[in-house]
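Peer 1: need coordinates for the following:
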Amino acid sequence: MAREINLEDFVYRLYIPHLIDINHKKIQNRLHLLQQHILPALGTEMLTEITEQDLSEFFNEYTDNGEAPGSIELYSIETIFAEIYRLAISYGFICEDDIPVKLRGRKNCFHRYTHMYT
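Peer 2: Numbers count the residues shown, from 1 in each chain. Predicted structure coming up:
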């Protein structure tokens with residue numbers, strides 16, 4: 001059974017501490033995207049309750065505000081979501097089936113470490 005936690009709590013308590021394994025510039029980029037875009041939009045949502053529809057609306061609003069659909073920044077945000085979901089699975093907060101279809105199969109910087117937390 002999945003445990004309950006909202007996105008913001010998960011990010012600050014578990015996701016950010018795992019960023020020490022990547023370079024400083026990537027950490028700064030992820031923190032900026034989290035604090036400026038992701039957490040204001042979805043931070044209070046429970047991980048198990050963020051739906052495919054929620055993510056579609058988030059990405060649509062993001063691109064409607066001027067970001068090109070194929071941009072590096074948009075790709076980085078998708079990567080962050082994929083990392084968060086994979087890490088949440090490894091900690092038992094969500095199940096594999098809870099990952100939105102858009103993010104399934106995405107590689108992330110924690111992929112090689114997930115076996116350590118299961």
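Peer 1: state the distance from the residue nearest in space to the middle of the chain to residue 7.
Peer 2: Nearest to the geometric centre of the chain sits residue 81, at 2.1 Å (Cα atoms, centre = their mean). Applying Cβ to Cβ, to the nearest Å, the value for residue 81 to residue 7 is 10 Å. Where you see a C-beta, it was placed from the backbone N, CA and C, and this is true even at glycine.
Peer 1: list the residues that contact both of the two?
Peer 2: Taking Cβ atoms under 8 Å, 6 or more residues apart in numbering as the contact criterion, the residues that touch both residue 81 and residue 7 are residue 38.
Peer 1: can you list the weak-confidence ranges in this protein?
Peer 2: 1-2, 67-70, 102, 104-118 (pLDDT under 70).
Peer 1: now the helices for it?
Peer 2: Taking DSSP state H as the test, the helices found in the chain are 7-10, 16-18, 24-33, 39-42, 52-64, 72-90.
Peer 1: now residue 57: how far from residue 100?
Peer 2: Distance from residue 57 to residue 100, by Cβ to Cβ: 12 Å.
Peer 1: backbone phi and psi for residue 99, please?
Peer 2: The phi/psi pair for residue 99 (degrees, to the nearest 10) reads phi -70, psi 130.
Peer 1: quick one: contacts for it?
Peer 2: Contacts of residue 99 by Cβ under 8 Å, 6+ apart are 85, 86, 89.
Peer 1: what's the closest of those to residue 65?
Peer 2: Using Cβ to Cβ, residue 85 comes nearest to residue 65 of the contacts of residue 99, at 23.7 Å.
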